[in-house]
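>>> quick one: sequence and predicted model below, then my questions.
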Amino acid sequence: MSYLNNAFVQFFELIHKEVTVVFVNQDFAYGISIILVTLIIRLILFPLSLKQTRSSFAMTAVQPEAKKLQDKYKNDPQKAQAEVMKLYKEKGASPFSGCLPMLIQWPIFIALYYVFNNLTGISGVSFLWIKDLAKADIILAILSGITTYYSGMLMMPSTGDQAKQTQIMNASMSIFMVFISWKLRSALVMYWVINNLVQVGQTMLIKKWDAKKKEAKKNEVQKA
């Protein structure tokens with residue numbers, strides 16, 4: 001873990017060094033650096049995030065079929081579970097796809113916690129409404145909970161027993177993020193909020209893109 005922490009420190013310092021070439025204002029440079037680091041990390045994780053997002057959409061699409069299987073084998077719970085899991089596998093769906101992106105982000109969050117706790121130059125730096133990136137900010141703490149919940153909600157199946165479980169997990173994670181963000185440095189919480197906002201935009205774009213592809217495929221079939 002120390003190797004990952006040191007790698008992130010060097011990575012952030014490199015980005016910040018390049019940003020200061022363009023922005024001489026140190027306060028603004030730190031804020032822009034955090035935004036750029038977030039965007040770069042999201043870009044690197046995009047292939048994995050794309051897979052999980054589509055798995056989540058597939059999960060929602062198969063819920064009617066899963067419900068039919070559960071009703072069909074209602075007297076044999078083990079058989080019902082086996083058939084439903086088989087259906088998920090065939091359709092490329094994952095019951096916990098809505099929560100996986102958050103879990104994947106957790107090691108990065110921990111590494112950046114180390115980064116921002118060891119950056120001496122960040123103390124006293126202000127950005128936007130944040131008075132000090134080295135101290136906690138109430139508004140950011142609340143935003144961390146709201147954006148965590150919303151980004152997770154977009155990835156969750158809308159119906160079924162698994163949906164209830166993931167909704168509980170998502171709500172619990174959101175409350176937890178508000179609680180810990182009240183104690184963390186604003187720089188780290190700012191990363192988390194931006195990360196969630198990017199996740200929301202990414203999910204909506206993928207959903208729109210896939211819907212267009214399905215519509216185009218449907219039109220081709222009808223023409224044929």
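Arrived safely. Numbers count the residues shown, from 1 in each chain.

>>> show me where this structure has its helices.
Counting by DSSP state H, the chain has helices at residues 2-22, 26-44, 46-61, 63-72, 77-91, 100-117, 138-155, 161-181, 186-223.

>>> out of those, nearest to Val125?
Closest to Val125 of the helices of the chain is helix 26-44 (C-beta to C-beta; 4.8 Å). In short, each C-beta sits where N, CA and C put it, glycine included.

>>> quick one on the thing from earlier: adding mean pLDDT and distance to Val125, write the helices of the chain out as JSON lines.
What follows is those, written out as JSON lines (pLDDT from 0 to 100; distance: least, C-beta to C-beta, whole Å):
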{"stretch": "helix 2-22", "mean pLDDT": "85", "distance to Val125": "11"}
{"stretch": "helix 26-44", "mean pLDDT": "92", "distance to Val125": "5"}
{"stretch": "helix 46-61", "mean pLDDT": "76", "distance to Val125": "29"}
{"stretch": "helix 63-72", "mean pLDDT": "78", "distance to Val125": "47"}
{"stretch": "helix 77-91", "mean pLDDT": "78", "distance to Val125": "47"}
{"stretch": "helix 100-117", "mean pLDDT": "78", "distance to Val125": "11"}
{"stretch": "helix 138-155", "mean pLDDT": "90", "distance to Val125": "14"}
{"stretch": "helix 161-181", "mean pLDDT": "81", "distance to Val125": "18"}
{"stretch": "helix 186-223", "mean pLDDT": "85", "distance to Val125": "8"}
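
>>> would you mind measuring from Gly124 to Tyr30?
Separation of Gly124 from Tyr30 (C-beta to C-beta, to the nearest Å): 10 Å.

>>> comparing these two, which residue is more hemmed in?
Taking Gly124 and Tyr30 together and counting by other C-beta atoms under 10 Å, Tyr30 has the greater number of neighbours (24 against 12).

>>> so that one sits right up against Val125, yeah?
Yes. Using C-beta atoms under 8 Å, Tyr30 is in contact with Val125, at 4.8 Å.

>>> any common contacting residues for those two?
Leu133 (C-beta atoms under 8 Å, 6 or more residues apart in numbering).

>>> show me the one of the helices of the chain that comes nearest Ile130.
Comparing these by their distance to Ile130 (C-beta to C-beta), the top pick is helix 186-223, with 4.9 Å.

>>> pull out the buried positions in that closest one.
Residues 186-196, 198-200, 202-203, 206 are the ones in helix 186-223 that count as buried (16 or more other C-beta atoms under 10 Å).

>>> repeat for stretch 110-123
Neighbour counts over stretch 110-123 (16+ other C-beta under 10 Å) mark 111-116, 119, 122 as buried.

>>> can you tell me what sits against it?
Residues lying outside stretch 110-123 but in contact with it, judged by C-beta under 8 Å, 6+ apart, are 1, 4-5, 7-9, 12, 26, 30, 37, 132-134, 184-185, 187-188, 191.

>>> alpha carbons only: can I get that stretch in PDB?
The C-alpha atoms that make up stretch 110-123 are tabulated as PDB, following Å, rounded to 0.1, in the frame of the first residue of the first chain:
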ATOM      1  CA  ILE A 110      -7.300   5.800   0.800                       C
ATOM      2  CA  ALA A 111      -4.200   6.500  -1.300                       C
ATOM      3  CA  LEU A 112      -5.300  10.100  -1.800                       C
ATOM      4  CA  TYR A 113      -6.000  10.400   1.900                       C
ATOM      5  CA  TYR A 114      -2.300   9.800   2.400                       C
ATOM      6  CA  VAL A 115      -1.400  12.200  -0.400                       C
ATOM      7  CA  PHE A 116      -3.400  15.200   1.000                       C
ATOM      8  CA  ASN A 117      -2.300  14.500   4.600                       C
ATOM      9  CA  ASN A 118       1.300  14.700   3.500                       C
ATOM     10  CA  LEU A 119       1.200  17.800   1.300                       C
ATOM     11  CA  THR A 120       2.400  20.700   3.400                       C
ATOM     12  CA  GLY A 121       1.700  23.300   0.800                       C
ATOM     13  CA  ILE A 122      -2.000  22.700   0.800                       C
ATOM     14  CA  SER A 123      -2.500  24.200   4.300                       C
END
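
>>> right, I'll leave it there.
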